[in-house]
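> could you work out the structure for the sequence below:
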Amino acid sequence: MKLTRDYYQIVQVLDKYEYDFLQGGIPKFKSYITRDPTYVTFASKYVGRLDLLSYKVYGTPYLWWVIALANDIMDPFDQTAVGNLLMIPDIADVYDFYNAEYVSTEGF
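Okay, here's the model as predicted:
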């Protein structure tokens, strides 16, 4: 089984090159949200820290981008307001997206 990890693109910002995860290949993630999501009220302790919210709802800080994409958040410091409802996609939708887009069965 071949795993690909090209869910980012390299972009130039001023005179530096950076990995850009949200503008890469993952924006089509929203089309994989088919199950009923959970909604949470955004608390002040998560401002700028979607990784902490990810840890609370998914048990890992590494799925912060799922919350960002589902809620059209490009900048968690400026686009999150305390008291807003955030959509939390079902973890099964995340797995479906990953398996469909990034796991290849070439060679079987």
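> sketch out the low-pLDDT regions of the chain for me.
1-9, 19-27, 102-108 (pLDDT under 70).
> all helices for it, in order.
50-58, 64-70, 91-102 (DSSP state H).
> T41: which of those helices is closest?
Each of the helices of the chain has some distance to T41 by C-beta to C-beta; the shortest is helix 50-58, at 11.0 Å. (Each C-beta comes from the backbone N, C-alpha and C, glycine too.)
> quick one: the closest one to helix 91-102, angle?
Orientation check (axes from the mean of the first three to the mean of the last three C-alpha atoms, to 10 degrees): helix 50-58 against helix 91-102 gives 120 degrees.
> what is helix 50-58 packed up against?
strand 38-41, helix 64-70 (3 or more C-beta pairs under 8 Å, 6 or more residues apart in numbering; DSSP states H and E).
> number of nearby residues for the nearest residue to Y32 once chain neighbours are set aside?
In this structure, Y32 finds its nearest non-sequential neighbour in F97, 4.0 Å apart by C-beta to C-beta, 6 or more residues apart in numbering. Close neighbours of F97, defined as other C-beta atoms under 10 Å, add up to 21.
> would you check that F97 makes contact with T34?
No - at 10.1 Å, F97 does not count as touching T34 under the criterion of C-beta atoms under 8 Å.
> about what we covered before: could I get the helices of the chain as CSV with distance to D78?
Shown next, in CSV, are the helices of the chain (distance: least, C-beta to C-beta, whole Å):
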stretch, distance to D78
helix 50-58, 13
helix 64-70, 12
helix 91-102, 25
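> most packed of these?
Most buried of the helices of the chain, by mean neighbour count (mean count of other C-beta atoms under 10 Å): helix 64-70, with a mean of 21.
> with just CA atoms, put that one into CSV.
What follows is helix 64-70, C-alpha atoms only, in CSV (Å, rounded to 0.1, in the frame of the first residue of the first chain):
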residue,chain,number,x,y,z
TRP,A,64,-7.1,21.1,14.4
TRP,A,65,-7.3,21.6,10.6
VAL,A,66,-10.5,19.6,10.5
ILE,A,67,-12.2,22.1,12.7
ALA,A,68,-10.7,25.0,10.8
LEU,A,69,-11.8,23.7,7.4
ALA,A,70,-15.3,22.7,8.6
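> so which elements touch that helix?
Counting by 3+ C-beta pairs under 8 Å, 6+ apart, helix 64-70 packs on helix 50-58, strand 85-88.
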